[in-house]
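S.K.: give me a 3D structure for the following:
(one chain, ligands or ions: 1)
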Amino acid sequence: MDLNKKFPGRRVVITGAGSGLGRALALEFAKRNWSVAIAEINDERAKETAEMVKKEGGKAITIHCDVTKPADLDHVLKKVLKEWNGVDILINNAGVASAGWFEKIPLEKWDWIIGLNTNSIIHGCRSFIPYFKEQKSGYIVNVASNAGIASLPEMASYNATKAAAISLTETLRIEMAMFNIGVSVVCPTFFKTNLMDQFSSPDDRQRKLADTFFGNATVTSERVARHTIQSIEKNRFYVITQKDGRNMWRMKRLTPELYFKIFGIIYKTGYFDRHLTKLLKILNLVG
Ligand SMILES: NC(=O)c1ccc[n+]([C@@H]2O[C@H](COP(=O)([O-])OP(=O)(O)OC[C@H]3O[C@@H](n4cnc5c(N)ncnc54)[C@H](O)[C@@H]3O)[C@@H](O)[C@H]2O)c1
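M.R.: All right, here's what the predicted structure looks like:
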């Protein structure tokens with residue numbers, strides 16, 4: 001069903017909408033004349049997005065929000081209810097990236113990324129679900145990553161936070177259905193954003209690898225945003241936005257042993273960057 005027919009109130013909250021996918025989503029909603037709440041830790045970027053939303057024909061409010069703090073998400077809900085008297089969609093998008101050999105990732109970096117990528121989603125859902133239930137409608141979109149499915153090497157902390165995001169969203173999909181609350185999980189592969197700004201890894205090797213993969217990305221945040229909105233319209237659960245991601249997802253489900261064998265062989269060659277790039281290119285051609 002067309003998004004504006006499905007949600008005539010046209011009100012969306014997006015965390016981390018000061019950049020990348022969050023901003024692209026904000027602008028896609030603006031084109032459809034939505035009111036957009038930009039819940040961001042970076043006030044400058046939030047203001048920029050708000051100006052862009054207004055230029056595209058939407059309405060915007062910015063709310064300072066640190067997604068690692070549960071009270072900030074409560075505040076976001078209170079603020080939008082005061083401004084709009086209701087809310088239709090929550091997109092838990094804010095997140096950061098990290099990498100490193102498993103045993104070299106410092107414990108404090110585990111805490112950091114779990115706080116930002118997993119707990120942030122828990123906080124958003126905990127704040128908004130009681131309201132959506134009371135309203136008897138709503139939609140939750142959690143932005144995870146294909147990393148939570150593919151489990152590529154030297155990315156354990158990022159992979160684990162995104163796998164947790166997928167799992168908790170799967171649970172919500174079942175729990176929320178009887179309350180007329182839609183739920184989707186977004187699992188993109190690489191696309192160019194500012195994600196590397198806060199990237200953390202114990203040594204330079206992983207930064208170089210990540211730079212290679214982001215550098216080779218051809219899909220834009222705008223395309224990922226459009227795909228996400230189309231999936232909300234169709235009430236589609238898994239939003240796997242790129243072909244390489246869909247093919248890895250299928251392969252792992254259909255032939256898990258073969259999946260791990262192939263990636264193990266590629267990794268052992270010592271040319272993971274080059275060979276994975278080639279494999280992703282092939283996977284992008286199929287299906
Ligand atoms: N870019 C990719 O290739 C890719 C792939 C898969 C998944 N993702 C996911 O997409 C989401 C968006 O990332 P992006 O690529 O657009 O990155 P980005 O860095 O461009 O945007 C992330 C935004 O989140 C904000 N943010 C950071 N910490 C915050 C906090 N504590 N509270 C509130 N906001 C905070 C940042 O200020 C920034 O505006 C993330 O969850 C990321 O893991 C990205």
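
S.K.: ok, which stretches of this structure are helices?
M.R.: Using DSSP state H, the helices assigned to the chain run over residues 3-6, 20-31, 43-55, 70-84, 107-113, 120-135, 147-150, 156-177, 204-216, 221-233, 243-254, 256-268, 272-285.

S.K.: the second one to helix 221-233, inter-axis angle?
M.R.: By that I understand helix 20-31. 60 degrees (axes from the mean of the first three to the mean of the last three C-alpha atoms, to 10 degrees).

S.K.: could you export helix 20-31 as CSV, CA atoms only?
M.R.: Taking Å, rounded to 0.1, in the frame of the first residue of the first chain, the C-alpha atoms of helix 20-31 are listed here in CSV:
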residue,chain,number,x,y,z
GLY,A,20,24.4,8.9,5.5
LEU,A,21,21.5,6.6,5.4
GLY,A,22,19.5,8.5,8.1
ARG,A,23,19.8,11.7,6.1
ALA,A,24,18.8,9.9,2.8
LEU,A,25,15.8,8.4,4.6
ALA,A,26,14.8,11.9,5.9
LEU,A,27,14.9,13.3,2.4
GLU,A,28,12.9,10.5,0.9
PHE,A,29,10.2,11.0,3.5
ALA,A,30,10.4,14.8,2.9
LYS,A,31,9.7,14.2,-0.8
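
S.K.: which residues of the stretch 51-200 of the chain lie near the ligand?
M.R.: Within the stretch 51-200 of the chain, the positions adjacent to the ligand are 65-68, 93-97, 116, 143, 145, 188, 190-191, 193-195, 197 by C-beta under 6 Å from any ligand atom. C-beta here means a position set from N, CA and C on the backbone, and glycine is covered the same way.

S.K.: related to what we said a few turns ago, most tightly packed of the helices of the chain?
M.R.: Looking across the helices of the chain with neighbours counted as mean count of other C-beta atoms under 10 Å, the highest average goes to helix 20-31: a mean of 24.

S.K.: and the ligand, is that one touching that?
M.R.: Yes. Looking at helix 20-31 against the ligand by C-beta under 6 Å from any ligand atom, the contacts come from Gly20, Leu21, Gly22.

S.K.: what's the mean pLDDT across that helix?
M.R.: In this model, helix 20-31 carries a mean pLDDT of 98.

S.K.: what helices or strands is that helix leaning on?
M.R.: Using 3 or more C-beta pairs under 8 Å, 6 or more residues apart in numbering; DSSP states H and E as the contact definition, the elements that helix 20-31 packs against are strand 11-15, strand 35-40, helix 43-55, helix 221-233.

S.K.: coming back round to it: what's the closest of the helices of the chain to Ala37?
M.R.: helix 70-84 (5.1 Å; C-beta to C-beta).
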